[in-house]
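Novice: Dropping a prediction and its sequence here:
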Amino acid sequence: MKTLSLILFFLANITCKDSTTVYICNSPGAKKYHNSPKCRGLSNCTYRIISIDIEKAKKDGKTLCGWEK
C-alpha cells in the first residue's frame, strides 16, 4: 500500500508539472503560447521554439493560441 501511495504521488507531480509547461516562439514579436510543441500556430516560427512555465508566459503578456481554444 505504501508503494502504491508513492507511485501515485510521483505520477501526480509529473502530471502537474507537465500541465504548466507551454511552448512559445522565441521571437521578439511572439504574442501567443501553445500547449503542444506541434501546434499549428507554431508552424510559422522562424526562431527557436522553447518551453516555459505558463505563469511566465502569462506574465510576459502572452495569450493562448487561437488554434487551441
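Specialist: Looks like it came in fine. Residues are numbered from 1 along each chain as shown.
Novice: What segments of this protein are helices?
Specialist: Along the chain, counting by DSSP state H, helices occupy 2-19, 54-59.
Novice: which stretch in those helices is the model least sure about?
Specialist: Among these, helix 2-19 carries the lowest mean pLDDT, at a mean of 55.
Novice: In contact with the residue lying closest to Ser27 once chain neighbours are set aside, which residues?
Specialist: Residue nearest to Ser27 in three dimensions, not counting chain neighbours: Tyr47, with 4.1 Å by C-beta to C-beta, 6 or more residues apart in numbering. The way it works is simple: take the backbone N, C-alpha and C, and place the C-beta from them, glycine included. Each residue near Tyr47 by C-beta atoms under 8 Å, 6 or more residues apart in numbering is listed here: 25-27, 30.
Novice: can you check Gly66 too?
Specialist: By C-beta under 8 Å, 6+ apart, the neighbours of Gly66 are 32, 41.
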